[in-house]
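>>> Show me the folded form of this:
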Amino acid sequence: MSWLSSCRRFSTSRARFQALVALTVPQPKTASLGRPKEWVDTIYRTNPIDASEPTFDKILIANRGEIAVRVIRTAKKMGIKTVAVYSTADSRSMHVEMADEAICIGDPAASESYLRIDKILEVIKKTGAQAVHPGYGFLSENSNFVQHLQDMNVKFMGPPAAAIRGMGDKLESKRLAQRAGVNIVPGFDGEIQDDDHCLEISNSIGYPVMIKASAGGGGKGMRIAHDEKEAIEGFKLSKNEAKASFGDDRILIEKFVVEPRHIEIQILCDAHGNGVYLNERECSIQRRNQKVIEEAPSPFVDPILRKAMGTQALELAKAIGYTSAGTVEFLVDANKNFYFLEMNTRLQVEHPISECITGVDLVQEMIRVAYGHPLRFKQSDIPVDGWALEMRVYAEDPTRNFGTPSTGRLFKYIEPVGEGIRCDSGVREGSEISVFYDPMICKLVTYGKNRVEAINLGKKALDSYVIQGVSHNIPLLRDILTEKSYVKGETNTSYLPRVYPNGFTIPKLSESHFLILQGVAAALEVSRSLRLSQGNQNKSSQSWDYVALNDEDATPINVKKSEDGLSINVFGKEFLLPNWDMTKSVVTLNVDGENFILQIHGRGNGPIWTIGFQGATYDFKLISPYTYSLLGLMPLPKSGESTKELLSPMPGVVRSVAVKPGDKVFKGQEVCVIEAMKMQNKLVIGADGVIKEVKVKEGDTVSDEDLLISLE
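Next up is the predicted model:
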């Protein structure tokens, strides 16, 4: 236990600290939950907690981040003590502080902490935890871990090891599904041996084909190939990703269903032979086979299709002896034919939207089932009540391949709140988004009586969500919610490349919105000037003039005081900005009858005011008319030759380098591969030429925009 004794332990010191606080500070009734009561606390109508029902005294959560926080909150409501485990990178994380006990299990890399079965088992022995909730990812679908727990007489909040093994292997899962009467996609029922075998099978099935890891999940180790060249490349990359992510590089190939919907069925089973499906989730909007926006129910599914898919999902669960919460994923074509994709033998990331429309707390039921209780409801008790969206907020730059990871510290972070808004997160202001783990910041859920209401609330919540310190994908999420085909419910797995064929770019403001935001920037500058003057400015000064610079355009702006606020004239357009508290990060202004939710990010040199609007941020540079008159005397900056340098588009680890100094290369040629968040990314050179310098080697860790390779 040397590693354990050397790590930071919270259990004893926290108990002393909390005892001291209890003696000196009045404790609110909701303190045990880690936050005030929110709307989400009211949604569990179908399975309210029965305080008289026996349950565990203490459980361990073998995970981190938002899912660990999610499990802890339900456990505390049920009166169950919790044990958190954490890596040294997570020592100040929310789940560590919320748990009753928290014990360090190793270094930041998951292989040295959250994937170390031996260390977690030792913590279980030390703390006396009676059961383990695995969350998702890490050890949640590791049958060896489940077997160890069973040998220790510790309950696992998930299915039996045999069910995990059967569904965790995509080759075996297809065989089991077929025997259970579930529709399957045509493909090769075996393991792909090498490049030649890959080509043989791909050609026999017919392109396009899906090449994917047998032990995979979460979109890792998956590639679509449309020809022989892509098949060989996809086989190599998928095999490498599979080895890195799952320690298993077996690959299978199956027919790729063109433009299907990705629709999944949430199931819940107990050990007494009872099982229900909690309707479907539409998960078609994806990038790199990872979900971006989900919704429940699906706008495509009717009651007949829902029942057929739900029935097959439960038949599969019954055939493999499944217990606990799980998800059966299907591909659904335009004619409503559906095919088994895979079964996730764990709690899904997107489970909150199923909770919203059914009123079932899935975590509570996982705890109850693990303890041995039967389900308290039957299929007819499961409603489809309202509509819910989940928007995955990632620390990513959406303008780079729909999302390359961003790392850094959240120096400003404010989550949206209100009726129908749920934020499942494990971060707060000051939290660090590191290269070691998934870059998801939060699962933002909005709920309404219907789809339109849920979408409108989603737009409002995204507009109010303040994230500063890292890049994030809110601009993409916000744009999707207003896109015509999405609003009509016309989505499929090719949605992003279809709607954004050249990639996503920050939306250009309409002329009227652009002028209004320029006026807001000028109003902020006036307000700042008045505060700095501290009454020394000439009190007769009632008017201010600026020139707003944008690319090559210059816009004159005049600001005047009025009784109701500030009167703005931007290039001839006049409007009134009402008085507002300019110290707030998020403000709602009504201008000419239209409501604007704005984020005031602050003032930089120039001066440049940065304002957030509809998910994106925009910079507005303001100068005096006199300064503008001098700009013509300034020399123009020289432009560089950026195509001769290859910069890292993300932080990550170099997995391979294909060139050396002196090599002749051609534009578009692969020169290196970088792994970020367990995804392998092929980098190509931007111009023809000869390699001058290679700055990295295999195994090096690089940051965003680090120089990798240069040309002569």
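
>>> where are the low-confidence patches of the stretch 101-250 of the chain?
Low-confidence segments of the stretch 101-250 of the chain, defined by pLDDT under 70, are located at 216-219.

>>> got it, and the stretch 301-450 of the chain?
Within the stretch 301-450 of the chain, no stretch falls below the threshold (pLDDT under 70).

>>> Spell out, range by range, the strands that occur in it.
Using DSSP state E, counting those that start in this stretch, the strands of the stretch 301-450 of the chain run over residues 324-332, 338-344, 387-394, 396-397, 404-405, 408-409, 412-414, 421-425, 432-433, 440-448.

>>> got those strands as JSON lines, with mean neighbour count and distance to E200 columns?
C-beta coordinates here come from the backbone N, C-alpha and C atoms, glycine included. As requested, these are arranged in JSON lines below (neighbours: other CB atoms under 10 Å; distance: least, CB to CB, whole Å):
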{"stretch": "strand 324-332", "mean neighbour count": "24", "distance to E200": "24"}
{"stretch": "strand 338-344", "mean neighbour count": "23", "distance to E200": "23"}
{"stretch": "strand 387-394", "mean neighbour count": "25", "distance to E200": "38"}
{"stretch": "strand 396-397", "mean neighbour count": "24", "distance to E200": "37"}
{"stretch": "strand 404-405", "mean neighbour count": "24", "distance to E200": "35"}
{"stretch": "strand 408-409", "mean neighbour count": "14", "distance to E200": "46"}
{"stretch": "strand 412-414", "mean neighbour count": "17", "distance to E200": "52"}
{"stretch": "strand 421-425", "mean neighbour count": "21", "distance to E200": "45"}
{"stretch": "strand 432-433", "mean neighbour count": "21", "distance to E200": "43"}
{"stretch": "strand 440-448", "mean neighbour count": "25", "distance to E200": "39"}
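
>>> which stretch among those strands comes nearest S541?
Closest to S541 of the strands of the stretch 301-450 of the chain is strand 412-414 (CB to CB; 32.3 Å).

>>> Which SSE is immediately downstream of the biggest helix by length in the chain?
Across the chain, the longest stretch assigned as helix under DSSP state H is helix 511-533. Once helix 511-533 ends, the next helix or strand along the chain (criterion: DSSP states H and E) is strand 543-550.

>>> related to what we said a few turns ago, out of the strands of the stretch 301-450 of the chain, which is closest to S238?
Shortest separation from S238 across these is recorded for strand 338-344, at 15.0 Å, computed as CB to CB.

>>> orientation of that closest one relative to strand 324-332 in degrees?
Orientation note: strand 338-344 sits at an angle of 150 degrees relative to strand 324-332 (axes from the mean of the first three to the mean of the last three CA atoms, to 10 degrees).

>>> can you give me how far the biggest strand by length in the chain is from the chain middle?
Secondary structure assigned by DSSP state E gives strand 275-287 as the longest strand of the chain. How far strand 275-287 lies from its chain's middle: 16 Å, per CA atoms, centre = their mean, to the nearest Å.

>>> mind listing what that strand pairs with, with the direction of each?
strand 261-269 (antiparallel), strand 290-296 (antiparallel) (DSSP bridges).

>>> who wins for proximity to V526 among the ones you listed?
Distances from V526 to each of the strands paired with strand 275-287 were compared by CB to CB, and the smallest falls on strand 290-296, at 39.4 Å.

>>> CA atoms only: put that closest one into CSV for me.
Included here for strand 290-296 are C-alpha records, laid out as CSV according to Å, rounded to 0.1, in the frame of the first residue of the first chain:
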residue,chain,number,x,y,z
GLN,A,290,-18.9,10.9,-31.6
LYS,A,291,-22.3,12.5,-30.8
VAL,A,292,-22.7,16.3,-30.7
ILE,A,293,-26.5,16.9,-30.1
GLU,A,294,-29.0,14.2,-29.0
GLU,A,295,-32.7,14.5,-28.4
ALA,A,296,-35.5,12.4,-27.0
